[in-house]
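> Need a 3D model of the sequence below.
(chains A and B)
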Amino acid sequence: MNGAGRVFKAELVRLATARAAQASAALLVLVPVLRVGASVTGKKLEELERQALGGKERFDALSSGTAWAPFVDGWRAGLVLSVALLLVQAARALAGDRETGVLRIAVTRSASRTGALLGRALLGPVTVVCAALLSGVGAYAAARMVGDFGPLVSDGFAFSQVSELQLELARSLAVSLLGLTAVHAFGLFVSSLSRGAVLALAGALATLLLWDVFKASLGDARWWVFASHAPTFIDGSAMNEMAGVARGYSDKGLSEEVFRRGLTLAPLSWFVLVLATAAVLRRRVL
Amino acid sequence: MRDTAALRVEGLVKRYGAFTAVDAIDLTVGRGQAFGLLGPNGSGKTTTLSCALGLLTPTAGRTEVLGVPTERLHTLGGRLACVFDTPALLPGHTIAQNLAYQRRLRGPALPAGRGLDEARALELVGLGHLARRRASDLSLGQKKRLSLAAALAGEPELIVLDEPLSGLDPLGVRDIMQLFHELFERGLTLVVSSHRLHEMQSLLTHCAVIHRGAKLYEGTVAALLGDDATVHVRVDDEAKARQALSDLATVERAPEGGLFVRSVAGDAPRIARRLVEAGVGLLGLAPQRRGLQAAFEALVDADLARRGEVHATPHLAAHEHRGGAA
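Here you go, the predicted structure:
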C-alpha cells in the first residue's frame, strides 16, 4: 500500500472536525431552503402581476401545487454552491498543505506522494455525496412546506407520474454528481500547479467561469467536457434540464446520449485529472 | 552492515540548471547518534535533508533512511519523524486534533507498552495544559513544541530536526535542548540541521560540515574540536610577552583581558617556559578548547582560502573563542 487509505482516513476526520466544513454544511442546508423560498415568492409575485393585468393562467408546476419544481430549484442551488466548496477544498488539499508543510508530514510519515494525492482525491466523491445529501435534505424539507410530491396534473390529466419524475431526477443527479467529482479532481490538478491555496482557488474558479461563459457557443459539443455535466454557476447541466421537467415543460429533459456521455466522461475525466495531478506532484518540491 | 545506518546518503547530487546545490555528498548517520548537519545559509544542508526525506528529487545519488530507500519511506510508518523549520500544523484545529491527525497518518498503533502517548508527549514539551487550544492561537515557540510533540508521539527511532531552535526565546531554547538531551539518552537517533552551534555543541556526538554543496568534514564532534591548541595567558607585560612568543605562536588580545596564544596541541609547557625565560611575570595560564562555532568557521575559512576567497568577517572566529571555551 502507498498509504492512501491512512491519508484518506486522516483527511476525512480532519474535514469532519474543521469549523469551515461545519459552516459549509450549514450553508448547504440553508441555501436550498432560501432558494425554495425565493422560487415560491417569485412565482406568487408573478401570479399577482398576471391577475392584476387580467392575463390567462398558464400551467406551471409551481402554481399547480406540487413541490417538484421548488425542490429541484433548491437542490440545484445547493449543488452549485458545492462547486465552490469543492474547489476550496481542493485548493487547500494540495497547494494549501504544501504552503503549511502538512503535505511534508504525510510524505515523510506514512504515504508516498501518489498515496497522499489519492487519499485526498478519494475525499472528493465522499464530499460530493455529503453535499448532495445535505442540500437535498434542505430542499426537501422546504419544498414539503409548499406542496406535495404528486404527479404533474393539467386539466385533470397527469402527464408526469411520480415514478417518471423520480427516475428523471435520479438520472440527472447521477450525471451531475459525477460531474462534481470531476470538478473536484480538476481543482486538485490546478492546486498541484499553484504556489498557494489562494492562487489555486482563483485559477480553478476563473477557468470554470470562463468555461461557463463560452460553453453555450459550442452547442452540443460542450457535452464532451466534464464541466458541462456539473451544475456550475451558469448552469446548463442535467439538473437544469430537470428543473424544466419538474415544471412540466415537455421539451426539457436529459437525452439518452448526453446521459450516457455524462456517465462515462465524468469518471474518465476524474481518472485522467488525478493521473495528471500525480504526474505534476511527483516533480514538485514539497 | 548497511542496515545499521539511520540515514545514508551516497553520491548525492542536486543541480538547478547550471547551479550545483549539492555536489556528490556522502553521509552516514549511525543509530543512536546525535548528528548535526552544519553549514552556512545556502550551503546545501536543507537540500541534502530534503532529498533524503523524499521532499526533493535528487539529480543523482542514493539515499536511504533506517535501511529503507527514500522512495519507500512510507513503509516506515511511525519509525521516522520530522520537525521542520516552519511548524506543519492544521491551524484551525486544536492541539489534540493536530496530534490525532498525525496519529492517523502514522498508521496502526504501536504494540502495548511501546511508544509515547500523545498526552505524555504534550507534557514533555510543556503543552499539556493547552490541549484544547487551536493551533492558530499558539505562539511560534508553542507551535514548534507542538510539532515536536507530534513527532515524539509514537516514539520514532529517528527524528530529523530542521532548525529546531529558530524563533524560540532563551527559556524555550533551554527547555527544548533539555528535551533533546532526554531523547538522546532514551536511545533515539537525532539528525539536526541548525545554525545554533553554541547550543548544539553540548548535544551533538557527530556532525558533518557542508559548504557550497561540498562536504568539508564528517566525523565525531570531539575530533572536530581537536586538542587544546590555544592557551589563554595572563601576564604582567603583554608587549614583552608578544615579543617573546613571536616566533613560536600567533598571539591575540583576549576580549576578557590577557592573551590568546595559538600554537599546536600540548604546547602550553613550552609557552610557559619561554615566557619565564624572557622575564615575563606569568599570572595565569589555561589551555582553551575551541568551540564548535570556531571549528566550523575554521573549516569554512580554510575552504574559502582554498578557493582563493577571503571570509567577509574573519574577526568572528576570534570572538567565538570566548563563548566556545569549554
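> does the most centrally placed residue in chain B belong to a helix or a strand, and which?
Residue closest to the average C-alpha location in chain B (Cα atoms, centre = their mean): residue B:36, at 3.6 Å. In the assignment (DSSP states H and E), residue B:36 maps to strand B:34-38.
> Please enumerate the strands of the stretch 101-250 of chain A.
For the stretch 101-250 of chain A, applying DSSP state E, counting those that start in this stretch gives strands covering A:152-154, A:157-160.
> Could I get the contacting residues of the closest residue to chain B within the stretch 151-286 of chain A?
Chain B sits closest to residue A:286 of the stretch 151-286 of chain A, with a gap of 4.3 Å, by Cβ to the nearest Cβ. (Each C-beta comes from the backbone N, C-alpha and C, glycine too.) With contact taken as Cβ atoms under 8 Å, 6 or more residues apart in numbering or on different chains, residue A:286 is in contact with A:98, A:103-104, A:107, A:113, B:54-56.
> what kind of secondary structure is it in?
Three-state assignment for residue A:286 (DSSP: H, G, I helix; E, B strand; the rest coil): coil.
> What's the local residue count around the closest residue to it other than its chain neighbours?
Closest residue in space to residue A:286, ignoring its immediate chain neighbours: residue B:55 at 4.3 Å, by Cβ to Cβ, 6 or more residues apart in numbering or on different chains. Number of residues near residue B:55 (other Cβ atoms under 10 Å in any protein chain shown) recorded here: 23.
> Name the SS class of residue B:55, please.
From three-state DSSP, the assignment for residue B:55 is coil.
> Any idea which residue of the stretch 151-300 of chain B lies closest to chain A?
Closest point on the stretch 151-300 of chain B to chain A, by Cβ to the nearest Cβ, is residue B:160, at 7.9 Å.
> Next secondary structure element downstream of whichever strand or helix holds that residue?
Taking DSSP H and E as the criterion, residue B:160 maps to strand B:158-162. Using DSSP H and E, the helix or strand that follows strand B:158-162 in sequence is helix B:170-185.
> Name the residues that touch that next one?
Contacts for helix B:170-185 (Cβ under 8 Å, 6+ apart): B:34, B:124-126, B:141, B:144-145, B:148, B:152, B:159, B:161, B:164-165, B:168, B:190, B:192, B:196, B:199, B:202-203.
> now it against strand B:158-162, angle please.
150 degrees (axes from the mean of the first three to the mean of the last three Cα atoms, to 10 degrees).
> Name the residues of helix B:170-185 that come out as buried.
Within helix B:170-185, the residues scored as buried using 16 or more other Cβ atoms under 10 Å in any protein chain shown are B:172-173, B:175-177, B:179-180, B:183-184.
> what distance separates that helix from the centre of its chain?
Put simply, helix B:170-185 sits 13 Å off its chain's centre (Cα atoms, centre = their mean, to the nearest Å).
> ok, the residue lying closest to residue A:174 once chain neighbours are set aside - how many residues close by?
Excluding the flanking residues, the one nearest residue A:174 by Cβ to Cβ, 6+ apart is residue A:263, at 6.8 Å. Neighbour count of residue A:263, defined by other Cβ under 10 Å: 15.
> and what of residue B:153?
So residue B:153, with other Cβ under 10 Å, has 25 neighbours.
> Could you verify my assumption that it touches residue B:99?
Yes: in terms of Cβ atoms under 8 Å, residue B:153 counts as a neighbour of residue B:99; the distance is 5.9 Å.
> shared neighbours of these two, which are they?
With Cβ under 8 Å, 6+ apart, residue B:153 and residue B:99 have common neighbours B:118, B:121.
> follow-up on the earlier one: who touches the residue nearest to residue A:286 in this structure?
Counted by Cβ under 8 Å, 6+ apart, residue B:55 has contacts A:104, A:107-108, A:285-286.
> Residue B:72 too?
Counted by Cβ under 8 Å, 6+ apart, residue B:72 has contacts residue A:112.
> did I read that right, it in a helix?
Yes: looking at residue B:72 with three-state DSSP, it is inside a helix.
> which one is the residue of the stretch 51-200 of chain A found nearest chain B nearest to, not counting chain neighbours?
Using Cβ to the nearest Cβ, the single residue of the stretch 51-200 of chain A nearest to chain B is residue A:101, 3.2 Å away. Spatial nearest neighbour of residue A:101, excluding adjacent residues (Cβ to Cβ, 6+ apart): residue B:88 at 3.2 Å.
> Please identify the helix or strand for the residue in chain B positioned nearest to chain A.
Chain A sits closest to residue B:88 of chain B, with a gap of 3.2 Å, by Cβ to the nearest Cβ. Taking DSSP H and E as the definition, one finds residue B:88 inside no helix or strand.
> Would you list the phi and psi of it?
phi -90, psi 100 (degrees, to the nearest 10).
> go on, residue B:82?
The phi/psi pair for residue B:82 (degrees, to the nearest 10) is phi -130, psi 140.
> so it touches residue B:54, yeah?
No: between residue B:82 and residue B:54 there is no contact under Cβ under 8 Å: 10.4 Å.
> which residues are common contacts for the two?
residue A:108.
> Flag the shaky bits of the stretch 1-150 of chain A, pLDDT-wise.
A:1, A:55-65 (pLDDT under 70).
> Around chain B, which positions in it sit nearby?
A:2-3, A:6-7, A:9-10, A:13-14, A:17-20, A:100-102, A:104-113, A:115 (Cβ under 8 Å from any Cβ of the partner chain).
> Any figure for the gap between the residue of the stretch 151-300 of chain B closest to chain A and residue A:45?
Going from residue B:160 to residue A:45 by Cβ to Cβ, to the nearest Å gives 66 Å.
> Name the nearest residue to residue B:10, sequence neighbours excluded.
Nearest non-adjacent residue to residue B:10, counting by Cβ to Cβ, 6+ apart: residue B:62, 4.5 Å away.
> give me every residue that touches residue A:132.
Contacts of residue A:132 (Cβ under 8 Å, 6+ apart): A:75, A:78-79, A:82, A:173, A:177, A:180.
> would you list those residues in a markdown table and tack on neighbour count?
A markdown table is the format used below for the contacts of residue A:132 (neighbours: other Cβ atoms under 10 Å in any protein chain shown):
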| residue | neighbour count |
| --- | --- |
| A:75 | 29 |
| A:78 | 27 |
| A:79 | 29 |
| A:82 | 29 |
| A:173 | 19 |
| A:177 | 24 |
| A:180 | 30 |
